[in-house]
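Enquirer: Structure of the sequence below:
(chains A and B, ligands or ions: 2)
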Amino acid sequence: MAASKSNALNWFLHRITGTFLIFMLITHFWVQHYDHQVASVTHEVVTEKGQMPEYPEAAKEGVKARFGPDAEVTPYQVVMQRLADPVYAVLWKGFNILFLIVALHHGFYGLNNVMTDYIRNPMGRLVARSLSWTVALGLFIIGLYSVITAGW
Amino acid sequence: MAVDTQDRPTATASESSTTARQESRFQRYRVRTGMFAWLMHRLTGVGLVVYLIIHIWGLTSLTDPETFNALIAKYHSPIFKVGEFALLVAVAYHAMNGLRIVLIDFLGWSPKQKRLFVTLGAVTAIIILVGGWPSIYSLGEWIFGPGSMPSLFL
Ligand code: HEM
Ligand code: HEM
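Expert: Numbering: from 1, shown residues only, chains lettered A, B, ... in the order given. Ligands and ions are numbered 1, 2, ... in the order given. Sure, this is the predicted structure:
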C-alpha cells in the first residue's frame, strides 16, 4: 500500500482542495446563475419540448455585440461569450481546467476514504481504489477535451 | 473521515489510556457536535461526486451547439429547478461544514467550536436563501403565474 507519508500529504491536500473549492464554486455559481450577461441558467422554467429559455437584455446585447446582430441568443451562444472570446477564453478555460482537477481530486480522494471505511478486504480496497481513480482519470480527459475544444 | 480508521483497542490495553486516546481523536468534530453532522458531510460529499460525474459527462455537449442547448433547456425544467436547489443545499452544507473541519484541524479552534458551529450554520442559511432564490423564484413564477413572485435582487 501507499506509504503513510503519502497519506498524510493527501490528507493535507484534501483540506487545501476543499478550501480552494469554496472560492471556485462561488465563482462557478455566480457565472452560471447570477450574472445577467453570461449566466447559462435563467430564472425561468421551461416545459415545452424544444423551447429555449429567454435570456435577459444584457445577455442578448452581449451575444449580438460579439457574434453579430443576426446571432441567435441560445444557451450555447451565451456561454460562448466567455469560452469563444479571443482574450478571456484562455482565462476561463484555465479556470475550468483548474476547477476540474481540484474537484476531481477532492471528490475521488474523499470517495476513497468512504470506501476504505466500508470495504474491509485489502484486495477489495485495491480494486475499488484502482477503479475509482481510473474513472477520475477518464473524467479528467473528457472534461479537458470538452472545455478546451469548446468554441475553438 | 480522512483520518485512517482506528484499530479496535486490544483487550490488554488499559481502559483509561484507550479512552483518553480515543477522546483526543474523536472529540473534535465527531462525537461532540454529533455523528449527524459527520454523516451528512459524508452523504453530501458522495452526492456531489455523483453530480460531478453526470455533470462532466453532460458537458461533452459543449462541442456541439444543438446538444448543449438541449442540455441547458433541460436544466430549466421544473424537476431540475428543484434539483438545482437541492444541489445548492448540499454544496452549502458540505462547504461550510468542511470549512469548520479545516479551521478546527489547522487552527486548533476546538474550544470555540460551539460558536463556530452556530456562526457557520447562520452563514449556510444565508447562502441557501440568497443563492437559492433564483430557483425558488422561477418555480414560484411557474406555479403561481408570471409576476407573482418578488424578483428582489435578481
Ligand atoms: C465547497 C468546498 C468544499 C469544502 C470546504 C470541502 C471540505 C471537505 C473536508 C474538510 C473533508 C474531510 C472530512 C473529514 O476528514 O472528515 C471533505 C470530505 C469529502 N468531500 Fe468535500 N469539500 C468541498 C467540496 C466538495 C465537493 C465539490 C465534492 C464532490 C465533488 C466533495 C466531496 C467530498 C467527499 C466524497 C468527502 C469524503 C467524505 C467522508 O470522508 O466522509 N467535497 N470535504
Ligand atoms: C446547477 C448548477 C450548475 C450549472 C448550471 C453548471 C453549469 C456548467 C457549465 C455550463 C459549464 C461549462 C463551462 C463554462 O460554462 O465555463 C460547467 C463547467 C464545470 N462545472 Fe458546473 N454547473 C453547475 C454546478 C456545478 C457543481 C456543483 C460543480 C462541482 C461539483 C460543478 C463543476 C464543474 C466543473 C469542474 C466544470 C469544468 C468542466 C470541464 O472542464 O470540462 N458544476 N458547469
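
Enquirer: Span of stretch B:62-80 from start to end?
Expert: Using CA to CA, to the nearest Å, the end-to-end distance of stretch B:62-80 comes to 19 Å.

Enquirer: now that stretch, how far from the chain's geometric center?
Expert: Centroid separation between stretch B:62-80 and its chain, computed with CA atoms, centre = their mean, to the nearest Å, is 25 Å.

Enquirer: Sort out which residues of it are buried, please.
Expert: Judged by neighbour count using 16 or more other CB atoms under 10 Å in any protein chain shown, the buried positions of stretch B:62-80 are B:62-63, B:65, B:68-73, B:75-76, B:80. In this view, the C-beta of every residue, glycine as well, is placed from N, C-alpha and C.

Enquirer: Find the nearest non-adjacent residue to B:Leu103, please.
Expert: Leaving aside its sequence neighbours, B:Leu103 sits nearest to B:Trp109 (CB to CB, 6 or more residues apart in numbering or on different chains; 4.9 Å).

Enquirer: quick one: which of the buried residues of stretch B:62-80 sit in helices?
Expert: Residues from the buried residues of stretch B:62-80 lying in helices, with DSSP state H as the criterion: B:65, B:68-73, B:80.

Enquirer: On the pLDDT front, check the residue nearest to B:Leu103 for me.
Expert: Per-residue pLDDT puts B:Trp109 at 78.

Enquirer: What is the neighbour count of it?
Expert: Per other CB atoms under 10 Å in any protein chain shown, the neighbour tally for B:Trp109 reads 15.

Enquirer: how near is it to ligand 1?
Expert: Look at B:Trp109 and ligand 1: by CB to the nearest ligand atom, to the nearest Å, they are 13 Å apart.

Enquirer: again, but for A:Leu91
Expert: In terms of CB to the nearest ligand atom, A:Leu91 sits 21 Å off from ligand 1.

Enquirer: same check, this time on B:Trp38
Expert: B:Trp38 is 7 Å from ligand 1, by CB to the nearest ligand atom.

Enquirer: Show me what the helix or strand containing A:Lys60 is packed against.
Expert: In this structure, A:Lys60 sits in helix A:57-67 according to DSSP states H and E. On a contact count with 3 or more CB pairs under 8 Å, 6 or more residues apart in numbering or on different chains; DSSP states H and E, helix A:57-67 meets helix A:75-83.

Enquirer: can you tell if the helix it packs on touches ligand 2?
Expert: Yes. With CB under 6 Å from any ligand atom as the measure, helix A:75-83 is seen reaching ligand 2 through A:79, A:82-83.

Enquirer: Output those as CSV; include the columns pLDDT and distance to A:Arg125.
Expert: CSV is the format used below for the residues of helix A:75-83 next to ligand 2 (pLDDT from 0 to 100; distance: CB to CB, whole Å):
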residue, pLDDT, distance to A:Arg125
A:Val79, 96, 40
A:Arg82, 95, 41
A:Leu83, 96, 40
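
Enquirer: Would you tell me whether the helix holding A:Lys60 gets close to ligand 2?
Expert: No. Helix A:57-67 stays out of contact with ligand 2 when judged by CB under 6 Å from any ligand atom, the minimum separation being 13.3 Å.

Enquirer: Can you report how many residues neighbour the closest residue to B:Gly47 other than its chain neighbours?
Expert: Spatially, and ignoring its direct neighbours in sequence, B:Gly47 is nearest to B:Ala90 (5.4 Å; CB to CB, 6+ apart). Residues lying near B:Ala90 (other CB under 10 Å) number 18.

Enquirer: Centre-most residue in the chain?
Expert: The chain I'm using is chain A. A:Leu100 (5.1 Å; CA atoms, centre = their mean).

Enquirer: meant chain B actually
Expert: Nearest to the geometric centre of chain B sits B:His94, at 2.4 Å (CA atoms, centre = their mean).
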